[in-house]
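Visitor: Next come a sequence and a model predicted from it.
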Amino acid sequence: YTHAAYLARTGQPAERLSFEQIAGGALAGRSYDTIVCSFALHLAPLSRLPALAIQLSLLAETLLVLTPHKRPEIRAAWGWQLQGELLHERVRVRCYRSGAEP
């Protein structure tokens, strides 16, 4: 939803993919060192979260989740192990490591 603002600020285009598309494998075959989900994953429907997390675990070995809430809870069964969490004011940053090979 913020692709236009991202382009204006960075000069780089952003993917226009929904949570549903990513959960469905739209990024399959790609590889990233780190995926940063900033103020986004808590908006994903809970019913989509397992498939979304599993797909992300196949793409990268590190996932950083910045959220203004306690959610989302990313479970180990979805391919991620919580490595640590920071709380600054009302923002949580969680670092996860994937068990899959990207």
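Guide: Received the coordinates, thanks.
Visitor: On the three-state scheme, Glu85 is what?
Guide: What DSSP: H, G, I helix; E, B strand; the rest coil gives for Glu85 is strand.
Visitor: Do I have it right that it meets Ile74?
Guide: No - here Glu85 does not reach Ile74: they are 11.1 Å apart, not a contact under CB atoms under 8 Å. C-beta coordinates here come from the backbone N, C-alpha and C atoms, glycine included.
Visitor: which residues are common contacts for these two?
Guide: Arg94 (CB atoms under 8 Å, 6 or more residues apart in numbering).
Visitor: which of those two has more neighbours?
Guide: Per other CB atoms under 10 Å, whichever of Glu85 and Ile74 has more neighbours is Ile74, with 23 against 11.
Visitor: So which residue is dead centre in this protein?
Guide: Cys37 (4.1 Å; CA atoms, centre = their mean).
Visitor: Sticking with it, tell me its helix or strand.
Guide: strand 32-38 (DSSP states H and E).
Visitor: Right, I'll call it a day here.
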